[in-house]
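Novice: Could you work out the structure for the sequence below:
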Amino acid sequence: MTIIGMLHHRLDPKTVLKSYAYAAVARAEGADFFYFTPRSVNFDDRTIRGKVYEEGQWQERIMSFPDVIYNAGSPEKLAVSKEIIEKLKKEIPFTTHSIGNKWNVMERLKAAKEFANYLIPTEIVKNMEILHNYIAHYKRIVFKPIDGRKGRGIYFISKMGNDFEVRVNSENKIYTKAKLNELLQEQLSSGTFIMQPYIKSITKSGQVYDFRLHVQKNGEGKWVVTTIYPRIAPNGSIIPNINSGGFTNYLDPFLEQEFKEEAFNIRRMLEHFSLSLAHHLDDIQMEKFGEVIDEIGIDVGLDEQQKIWMYEVNWRPGCPPAFYLELDVVVHSIRYAMYLAENQKIVKKEVLERKYKNLDAELGLPIIAITGSAGKTTSKAFLGSILSTKWNVFESKDYWNTTEHTKKHAEEINSSHEAVVLEYGMAYPGIITNHCSIIQPNISIVTNIGLAHVGNFDGDIRKVAMAKSELIHGMNQKGLLILNKDDDNSKYLSSQQFKGKILTVGIHTDASYKAYDIQYKESGMSFKMNLQGQEIALYIPILGEHHVYNALNAVAVADYLGFSPMEIKEGLNFKKPPRRLTLYNCRDQITVIDDTVHSHPQGVRAAIDVLTNIAKNRKVAIIGQMRELGDLREEEYRKVGEYIHEQEIEILITYGFRTEEMGAAAKAKGMNPSNIYHFTNKENLHALLVKIVKPHDTILVKGASKTNMFETVKFLDQTYKE
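Specialist: Okay, here's the model as predicted:
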């Protein structure tokens with residue numbers, strides 16, 4: 001027997017009238033039904049303290065988790081229990097999900113284009129100048145709250161010479177421009193309002209009317225028309241909403257009276273429109289949010305040419321006000337809940353197919369692998385954070401990127417995961433091929449090709465690129481590949497034979513995803529880019545232009561998978577991997593920059609750029625040994641030393657085997673020798689720091705984990721703790 005739980009924000013079901021009808025119909029349909037609130041859920045023993053309707057009373061019972069949840073509460077009031085609800089969603093199917101406010105719905109439909117020509121031009125009222133321009137263009141407009149309900153708070157405004165006629169609550173008043181501004185400013189102070197041109201939809205007798213189209217999914221999971229009925233405004237009013245005094249009628253007599261021989265065709269047109277729009281919105285919900293919807297109410301008008309115009313779309317509309325249709329609505333809801341409980345796997349498969357429609361159908365679950373000489377962990381963290389805004393994501397732990405780690409991941413990934421994000425590390429040829437043989441990705445990112453591990457490849461950057469190209473050869477050949485357009489060495493990647501889609505990221509060259517107007521902010525970077533046809537301003541809470549590339553990698557994949565700009569923006573505010581350009585604010589306005597995870601020439605220069613951009617006074621660079629450079633060590637150390645001098649770093653301290661070569665190169669370029677130090681003993685290095693560090697200094701500590709440079713960060717933090 002199916003168990004249905006009705007989730008609501010109110011504690012007492014007696015205050016939720018429809019709970020009675022749902023309890024009665026569930027019993028008639030052979031399902032168990034109970035009412036509950038989020039705070040009554042116990043995840044430890046998988047029970048809920050709910051209420052069942054027995055012998056004319058609501059009785060409290062301890063219930064096991066239901067098979068399906070009918071989501072009946074207000075999204076705004078349930079928001080305080082978001083964590084509980086999200087946890088429930090991962091375990092139990094929900095019959096319905098919010099499609100957002102009326103503005104969001106219209107924006108989705110506009111973006112999807114298929115129904116755009118039925119939308120009334122709508123704009124958010126940002127100021128009075130925009131509103132008056134709108135009135136000048138359309139002459140008669142509607143001004144109403146973005147989340148309005150039951151016809152409340154609607155103003156009809158018409159231009160009358162130099163004045164304005166305003167109709168609200170069946171009353172007409174004339175306003176000067178100044179008085180109108182005063183009236184509407186008062187409304188704007190209470191919330192967000194939208195404006196639309198007024199569509200003339202009137203009966204032969206001169207009464208304003210519209211149609212409510214109510215559609216639901218039935219017991220077979222298919223969309224059906226529950227009812228269509230006209231709503232007619234009383235004489236003298238232009239609001240047909242029932243709660244504002246409007247009344248209704250049976251559809252067929254109304255159509256025959258108003259449209260004569262066209263009545264049948266108009267009925268069929270309305271039925272076809274309502275079902276088509278329901279399917280369309282359901283598809284959008286699956287693609288964007290990985291969710292299904294089961295019921296919508298659509299308010300439409302017909303203009304003088306019998307063209308349909310959509311006024312608004314309501315999620316979970318109220319029951320029709322007449323004709324005993326309340327039980328019809330409840331029956332569909334209960335039967336669909338039972339269908340969903342019995343067909344979870346089928347519905348989930350359909351959702352996944354819609355959600356991943358950009359991937360070839362046979363690719364299925366997005367499995368994203370990231371390799372590159374730098375930026376793997378941060379790109380992974382950005383992408384995992386964005387995808388987690390609405391999906392259950394398997395994300396490898398930071399730095400877990402060996403083939404042994406990949407074998408463990410293969411055992412841990414399960415059917416609950418909706419995306420997989422992994423790092424594929426590499427120090428020798430053949431390793432990435434091994435990664436791909438364990439878990440084959442269908443989306444791959446190659447962040448860049450640098451000198452990390454180049455000593456294991458005879459000092460030849462081309463051989464490093466060929467080893468990274470194993471990811472391109474080993475991934476699904478119909479998948480998606482992301483490359484760095486600005487990285488000169490990425491031209492050596494073997495991508496010519498790849499049959500899938502290639503997208504690029506860049507800052508300095510044109511790319512599929514290009515960032516511009518990049519600025520250093522406190523503890524992060526801001527930048528702009530064009531995304532889904534609009535300019536969007538983004539922020540990442542990590543310093544360095546090189547991390548903008550890592551963010552772009554994540555944006556490219558998320559956009560390809562159908563995430564909205566707002567979801568991407570939210571996800572980029574990620575939890576930064578530790579010891580990646582982390583700032584320590586010490587006493588005397590001393591700042592320490594901790595970048596002590598990896599170290600290679602490209603990363604050292606990027607860290608120096610951060611030091612240069614954020615330091616307000618003296619700059620101190622403490623640079624540790626870079627490993628696995630092989631025969632290129634001397635040349636690369638020289639280049640780093642020269643770069644330090646070019647960036648006007650005042651104090652250079654090197655630590656580790658042969659790192660004095662960096663100081664020698666800086667000195668040869670003209671750096672003051674008395675400001676260059678070298679150590680192979682950390683205690684001696686720390687003793688120097690006590691002597692030379694001054695108030696307002698900014699100190700970069702850069703080195704690989706194996707050189708334990710984090711000990712110097714801890715020493716500075718403890719010595720100069722506020």
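Novice: Name the helix or strand for I284, please.
Specialist: Assigned by DSSP states H and E, I284 belongs to helix 263-289.
Novice: and that helix, what does it pack onto?
Specialist: Here helix 263-289 is seen to pack against helix 102-112, strand 209-217, strand 223-232, helix 251-259, strand 295-302, strand 308-315, helix 344-355 when contacts are counted using 3 or more Cβ pairs under 8 Å, 6 or more residues apart in numbering; DSSP states H and E. Every residue, glycine included, has its C-beta placed from N, CA and C.
Novice: Apply 7 Å and report the result again.
Specialist: Applying 3 or more Cβ pairs under 7 Å, 6 or more residues apart in numbering; DSSP states H and E, one finds that helix 263-289 contacts strand 209-217, strand 223-232, helix 251-259, strand 295-302, helix 344-355.
Novice: any chance of these in JSON lines, plus distance to N448?
Specialist: Shown next, in JSON lines, are the helices and strands packed on helix 263-289 (distance: least, Cβ to Cβ, whole Å):
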{"stretch": "strand 209-217", "distance to N448": "48"}
{"stretch": "strand 223-232", "distance to N448": "48"}
{"stretch": "helix 251-259", "distance to N448": "63"}
{"stretch": "strand 295-302", "distance to N448": "47"}
{"stretch": "helix 344-355", "distance to N448": "30"}
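Novice: Quick one, which of the ones you listed gets closest to E271.
Specialist: Closest to E271 of the helices and strands packed on helix 263-289 is strand 223-232 (Cβ to Cβ; 5.4 Å).
Novice: Let me see the contact set for A666.
Specialist: Counting by Cβ atoms under 7 Å, 6 or more residues apart in numbering, A666 touches 641-642, 644-645, 652, 676.
Novice: Show me the residues you listed that map onto helices.
Specialist: Those of the contacts of A666 mapping onto helices are 641-642, 644-645, per DSSP state H.
Novice: quick one: which of those is nearest to G384?
Specialist: The nearest member of the ones in helices among the contacts of A666 to G384, counting by Cβ to Cβ, is I644 at 34.2 Å.
Novice: And for the closest one, the neighbour number?
Specialist: 28 (other Cβ atoms under 10 Å).
Novice: Repeat that for the one 10 residues further on.
Specialist: Here the count is done by other Cβ under 10 Å, and T654 has 27 residues near it.
Novice: Please report the distance of it from Q625.
Specialist: In this view, T654 and Q625 are 8 Å apart by Cβ to Cβ, to the nearest Å.
Novice: do the same with Y637
Specialist: Y637 is 9 Å from Q625, by Cβ to Cβ.
Novice: now do T192
Specialist: 57 Å.
Novice: Same question for V313.
Specialist: Relative to Q625, and taking Cβ to Cβ, V313 is found at 62 Å.
Novice: okay, the two: which has more neighbours?
Specialist: Between V313 and Q625, counting by other Cβ under 10 Å, V313 is the more crowded of the two (24 against 21).
Novice: what's near enough to touch that one?
Specialist: Taking Cβ under 7 Å, 6+ apart, we find V313 in contact with 102, 105, 296, 298.
Novice: can I get the residues you listed in TSV with neighbour count and pLDDT?
Specialist: Putting those into TSV (neighbours: other Cβ atoms under 10 Å; pLDDT from 0 to 100) gives the following:
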residue	neighbour count	pLDDT
K102	23	70
V105	21	82
I296	23	92
I298	25	92
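Novice: which residues does the closest residue to M626 other than its chain neighbours contact?
Specialist: Of all residues not flanking M626 in the chain, S599 sits nearest, at 5.0 Å (Cβ to Cβ, 6 or more residues apart in numbering). By Cβ under 7 Å, 6+ apart, the residues touching S599 are 624, 626, 702-704.
Novice: show me where pLDDT drops low in this protein?
Specialist: Within the chain, the stretches with pLDDT under 70 are 148-151, 170, 242-245, 319-325, 353, 355-363.
Novice: quick one, domains of it?
Specialist: 3-91, 123-197, 203-342, 367-572, 580-719 (automatic domain parsing).
Novice: Okay, now the longest one: how far is its last residue from its first?
Specialist: So the one you mean is domain 367-572. End-to-end distance of domain 367-572 (Cα to Cα, to the nearest Å): 20 Å.
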